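Enquirer: My questions are about this predicted structure, shown below with the sequence.
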Amino acid sequence: ETGVTQTPRHLVMGMTNKKSLKCEQHLGHNAMYWYKQSAKKPLELMFVYNFKEQTENNSVPSRFSPECPNSSHLFLHLHTLQPEDSALYLCASSQDGSGGAGETQYFGPGTRLLVL
Amino acid sequence: QQQVKQSPQSLIVQKGGIPIINCAYENTAFDYFPWYQQFPGKGPALLIAIRPDVSEKKEGRFTISFNKSAKQFSLHIMDSQPGDSATYFCAASKGGATNKLIFGTGTLLAVQP
């Protein structure tokens, strides 16, 4: 295991539902990331948090709302999603988000989301 | 606009073969090129990475070849094993940043016994 856990592993929701994805890292890292992985498309970086502060929002629609209460936990709140939002949502963490040489991102197993 | 183009989309080789996965990029500001390996039900994991000051890097059976003038880099897996069957992603970033990665679309590799 990478030290990054995600729950739930699978989620089915309707377009009017509100749900949240949870990520927890046990590596003592200070940077956390949300990615979207769709079939036959590149991984898309969605959000970056360094020391609990959001440092990157890659033009993500407002129906996705991240929350980082501390350096170990990251949430992605979902509301009024569209079927095209169905994908694997991956969380990752790294030491301090500086992007320095040798800094590696460790990924969780992802949450498979299906929007009906 | 896809900034990192990866091919092939899928690849089947026999055990002991040498699969080669290719990536091409346009942005000459890219200066960090990692490869990630992803098994079913798992997140991607860093496999090997290279910076443009060298043309080749080896780690165990995995080798990255880098051609700066052609703006291409490739992953070679020597003596491939069925356990290498996975999806492989190339990526690139600029400014030496290892945390703002632009990923390729992935290559599904199957190594047959």
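Expert: Arrived safely, thanks for sending.

Enquirer: OK, contacts around residue 23?
Expert: By default, I'm working from chain A. For residue A:23, the contact set (C-beta atoms under 8 Å, 6 or more residues apart in numbering or on different chains) comprises A:4, A:5, A:6, A:32, A:34, A:73, A:74, A:75, A:76, A:91, A:108. All C-beta spots, glycine's among them, are computed from the backbone N, C-alpha and C.

Enquirer: please go with chain B instead
Expert: B:4, B:5, B:6, B:7, B:33, B:72, B:73, B:74, B:90, B:92, B:104.

Enquirer: Between the residues you listed, which sits nearest chain A?
Expert: residue B:104 (6.0 Å; C-beta to the nearest C-beta).

Enquirer: List the contacts of the closest residue to that closest one other than its chain neighbours.
Expert: Computed as C-beta to C-beta, 6 or more residues apart in numbering or on different chains, the closest residue to residue B:104 that is not its neighbour in sequence is residue B:6, at 3.1 Å. For residue B:6, the contact set (C-beta under 8 Å, 6+ apart) comprises B:21, B:22, B:23, B:89, B:90, B:104, B:105, B:106, B:107.

Enquirer: next one: the worst-scoring helix or strand of chain A on mean pLDDT to chain centre, how far?
Expert: Sorted by mean pLDDT, DSSP states H and E, the helices and strands of chain A end with strand A:53-57, the least confident at a mean of 88. The chain centroid and the centroid of strand A:53-57 are separated by 12 Å, computed with C-alpha atoms, centre = their mean, to the nearest Å.

Enquirer: Tell me the strands beside that strand, with direction?
Expert: Strand A:53-57 pairs in its sheet with strand A:44-50 (antiparallel), by DSSP bridges.

Enquirer: residues in contact with the partner strand?
Expert: Against strand A:44-50 from outside (C-beta under 8 Å, 6+ apart): A:30-38, A:54-58, A:60, A:64, A:66, A:68, A:74, A:76, A:96-98, B:99-101, B:103.

Enquirer: could you redo the last one with a cut-off of 6 Å?
Expert: Here strand A:44-50 makes contact (C-beta atoms under 6 Å, 6 or more residues apart in numbering or on different chains) with A:31-36, A:55-58, A:60, A:66, A:68, A:97.

Enquirer: Show the buried residues in those residues.
Expert: A:31, A:32, A:33, A:34, A:35, A:36, A:56, A:60, A:66, A:68, A:97 (16 or more other C-beta atoms under 10 Å in any protein chain shown).

Enquirer: Show me which of these is closest to residue B:28.
Expert: Ranked by distance to residue B:28 (C-beta to C-beta), those are led by residue A:56 at 22.7 Å.

Enquirer: Tell me how many other residues surround the residue lying closest to the closest one once chain neighbours are set aside.
Expert: Excluding its sequence neighbours, the residue lying closest to residue A:56 (C-beta to C-beta, 6+ apart) is residue A:48, at 3.5 Å. By other C-beta atoms under 10 Å in any protein chain shown, 23 other residues sit near residue A:48.
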